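Enquirer: Dropping a prediction and its sequence here:
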Protein chains: 2
Amino acid sequence: MKALYLSAEGPELRTDYPSPDRPGGQALIRLDLAGICSTDLELIKGYYDFQGVLGHEFVGTVEQCDDPRWLGRRVVGSINLGCRQCRECASSGPEHCPHRQVLGIVGHDGAFAELLTLPEHNLLAVPDAVTDEQAVFTEPLAAALRIRDQIRARPSDRVAVVGPGRLGRLIAQVLALDGADVTLLGRRAWEPADAAGSWSLSLGIVDEAADNSFDRVVEATGNEAGMAHSLRLVRPRGTLVLKSTFAGSATVDLTKLVVSEIRVIGSRCGPFEPALRLLERDSIDVTSMIHGSYPLSEALAALEHAGRPGVLKILLTP
Amino acid sequence: MKALYLSAEGPELRTDYPSPDRPGGQALIRLDLAGICSTDLELIKGYYDFQGVLGHEFVGTVEQCDDPRWLGRRVVGSINLGCRQCRECASSGPEHCPHRQVLGIVGHDGAFAELLTLPEHNLLAVPDAVTDEQAVFTEPLAAALRIRDQIRARPSDRVAVVGPGRLGRLIAQVLALDGADVTLLGRRAWEPADAAGSWSLSLGIVDEAADNSFDRVVEATGNEAGMAHSLRLVRPRGTLVLKSTFAGSATVDLTKLVVSEIRVIGSRCGPFEPALRLLERDSIDVTSMIHGSYPLSEALAALEHAGRPGVLKILLTP
């Protein structure tokens, strides 16, 4: 089958990649649509030690499974595969299992292929009203929603999202759902095309935003400069959510963190069910973020496109 | 009067320092006993921009005041003086007022002198059952208690305090109050004298403590190595409290912070009332931490003593 494979030499398009074996309890899923995420681009840069098929944002159709109710269903799937034996799995799920695999990220082939496998208990059926182009955003939208699992966000909060990329725009929309004043902060002046898809959020330039001017700040750049700005912007006793994975260590102003009693929270994977409900209700605009679509046979060109500055979601079709 | 004054050239003992003017609303307090804190030693190193009389841990007797009920009372006092005009002062008190003064730290002469001033609303009467040697620990004990204001701590939590210094030992006792398993982690093997004052806490060596082995970790060293260990020790979804002020920036493993969804909370000043109640009930042992006492006239020797490795509380008498 066709698959975008990451080896130590970099990403390569394989046309002869073996179709995955389906272990008991897992479903074999035929890809309908996949999305390229910044994590995929980081994996390619070699920041993490993964070799295998890339991709963890997908919607597909179940082709083989144990439970016949899944057969032929259109599904999305949560991406963490826990050992189901350890204390973490028992108490809070697979996300922090020390032995976990992660679809297309750790030890389990991903979704940039014609076929993939996932445990049946990871699957969620996609409601008919949700298109493939919406459903493929379920995973990053769930990640954005994770913030609402973790912090108390009040409608009267002044909120900033630093980094108006793929994930930042989902986060900003999610945090604005309850009427909060959310400002999306970028490095450059906003283009009209960008501002058009701004969902009545405030738009700003991070260099021009005042110190201590936000109750909550979400760092969605994953770089040290973005982190420094985020910490600068958050008010005393405010909350800073780190939503983008950092490649390694960064220098952090711990003096402000302590003296101003800032709360910093790392945030990763989130709940799929509410993400699907929001997509079904059309509460979050995702389709305006689609900047291109490529067949798997042109996956390398798709990766190059996704890596250009200012480009949002690039999709892959089988 | 005698005062330990910090100038740009360093600390000096002044015998001719002018007695403070008492502004309306403030009390003039005659020192009974003061304590040397690591923050005083950091101020001397020049990490912060303060010139004036040092000292913020004290117990004293009110000599002049507006409200006659304070006259002759033995008092301790909270150390932040807010502007009482701004949004911060109105909503959450003076601790984060952007215009605040802080006794012996920011813009207000401190307690290493025969006389000091503080607003009357900062004062708390010391119960008769609390000795001066206990009362002088009210401020750092309040700072330790601040952690309980900020995080949910459960009796079944595995808790580590990294840094068995003056503040670390108060924090460990406070976090053990509800029966939690608290481990005090130092860099070196424990001396019998140290272990004696260990209040049935577990004692350990930080290098030997396993990754991800604590639900809550309190960083009480204020140095980068202590921070790195603390982040290493806290389990996924666990909480890391930064209790010691860092002098500037530090390199932090943000990858773990995000991927393991760690919660990091800066923590500073805390509530005096419960600190005094704990001292009155003799729930916290502070007197075994007193390693020396000097008159103000020997304050420079006292500072030198307080700076030696392993030395805990050094007191100053008028």
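Expert: Looks like it came in fine.

Enquirer: which parts of the stretch 51-200 of chain A sit against chain B?
Expert: When proximity is defined by Cβ under 8 Å from any Cβ of the partner chain, the stretch 51-200 of chain A lies next to chain B at A:88, A:92, A:95-96, A:98, A:150. Using the backbone N, CA and C atoms, a C-beta is placed for each residue, glycine as well.

Enquirer: how many neighbours does residue A:121 have?
Expert: A count of neighbours around residue A:121, defined by other Cβ atoms under 10 Å in any protein chain shown, yields 14.

Enquirer: cool, and residue A:216?
Expert: Neighbours around residue A:216, by other Cβ under 10 Å: 25.

Enquirer: Verify the stated contact: it with residue A:153.
Expert: Yes. The criterion here is Cβ atoms under 8 Å, and residue A:216 meets it with residue A:153 at 6.3 Å.

Enquirer: Are there residues contacting both of those two? Which ones?
Expert: Listed as contacting both residue A:216 and residue A:153 by Cβ atoms under 8 Å, 6 or more residues apart in numbering or on different chains are A:159, A:175.

Enquirer: Buried residues, the helix or strand hosting residue A:5. List them.
Expert: In this assignment (DSSP states H and E), residue A:5 forms part of strand A:3-7. For strand A:3-7, burial by neighbour count (16 or more other Cβ atoms under 10 Å in any protein chain shown) applies to A:3-6.

Enquirer: quick one: pLDDT of the nearest residue to residue A:86 once chain neighbours are set aside?
Expert: Leaving aside its sequence neighbours, residue A:86 sits nearest to residue A:97 (Cβ to Cβ, 6 or more residues apart in numbering or on different chains; 5.8 Å). Note on residue A:97: pLDDT of 94.

Enquirer: contacting residues for residue A:97?
Expert: By Cβ under 8 Å, 6+ apart, residue A:97 lies in contact with A:80, A:82-83, A:86, A:88-89.

Enquirer: for residue A:243, same thing?
Expert: A:143-144, A:147, A:167, A:171, A:218-220, A:267, B:258.

Enquirer: Count the neighbours of residue A:93 for me.
Expert: Neighbour count for residue A:93, taken as other Cβ under 10 Å: 15.

Enquirer: For chain A, give me the ranges with low pLDDT.
Expert: Within chain A, the stretches with pLDDT under 70 are A:195-198.

Enquirer: centroid residue for it?
Expert: Central residue of chain A (Cα atoms, centre = their mean): residue A:140, 3.1 Å from the mean position.

Enquirer: Can you list the buried residues in the host helix or strand of residue A:27?
Expert: If you go by DSSP H and E, residue A:27 is part of strand A:26-35. Residues of strand A:26-35 classed as buried by neighbour count (16+ other Cβ under 10 Å): A:26-29, A:31-35.

Enquirer: end-to-end on stretch A:153-171?
Expert: End-to-end distance of stretch A:153-171 (Cα to Cα, to the nearest Å): 13 Å.

Enquirer: ok, back up a step: ok, so of the buried residues of strand A:26-35, who is nearest chain B?
Expert: Distance to chain B across the buried residues of strand A:26-35 (Cβ to the nearest Cβ) is lowest for residue A:35, with 20.3 Å.

Enquirer: who touches the spatially closest residue to the closest one that is not a sequence neighbour in this structure?
Expert: Of all residues not flanking residue A:35 in the chain, residue A:57 sits nearest, at 3.7 Å (Cβ to Cβ, 6+ apart). Counting by Cβ under 8 Å, 6+ apart, residue A:57 makes contact with A:34-37, A:111, A:136-140.

Enquirer: What's the separation between residue A:57 and residue B:276?
Expert: Per Cβ to Cβ, to the nearest Å, residue A:57 is found 56 Å from residue B:276.

Enquirer: Could you do residue A:43 as well?
Expert: Computed with Cβ to Cβ, the distance linking residue A:43 and residue B:276 is 55 Å.

Enquirer: Then residue A:55?
Expert: Residue A:55 is 60 Å from residue B:276, where distance means Cβ to Cβ.

Enquirer: More neighbours: the two, which one.
Expert: The residue with more neighbours, out of residue A:55 and residue B:276, is residue A:55; 30 against 21, by other Cβ under 10 Å.

Enquirer: Report the contact partners of the more buried one.
Expert: Counting by Cβ under 8 Å, 6+ apart, residue A:55 makes contact with A:4, A:34, A:36, A:40, A:103-104, A:110-113, A:116, A:316.

Enquirer: So which of those residues belong to strands?
Expert: Among the contacts of residue A:55, the members falling in strands (DSSP state E) are A:4, A:34, A:103, A:116, A:316.

Enquirer: Just flag the most distant two among the contacts of residue A:57.
Expert: Maximum pairwise distance in those, criterion Cβ to Cβ, is 15.0 Å, between A:36 and A:138.

Enquirer: Next, count neighbours for the closest residue to chain B within the stretch 1-150 of chain A.
Expert: The stretch 1-150 of chain A approaches chain B most closely through residue A:96 (3.7 Å), counting by Cβ to the nearest Cβ. Burial of residue A:96 is recorded as 24 neighbouring residues (other Cβ under 10 Å).
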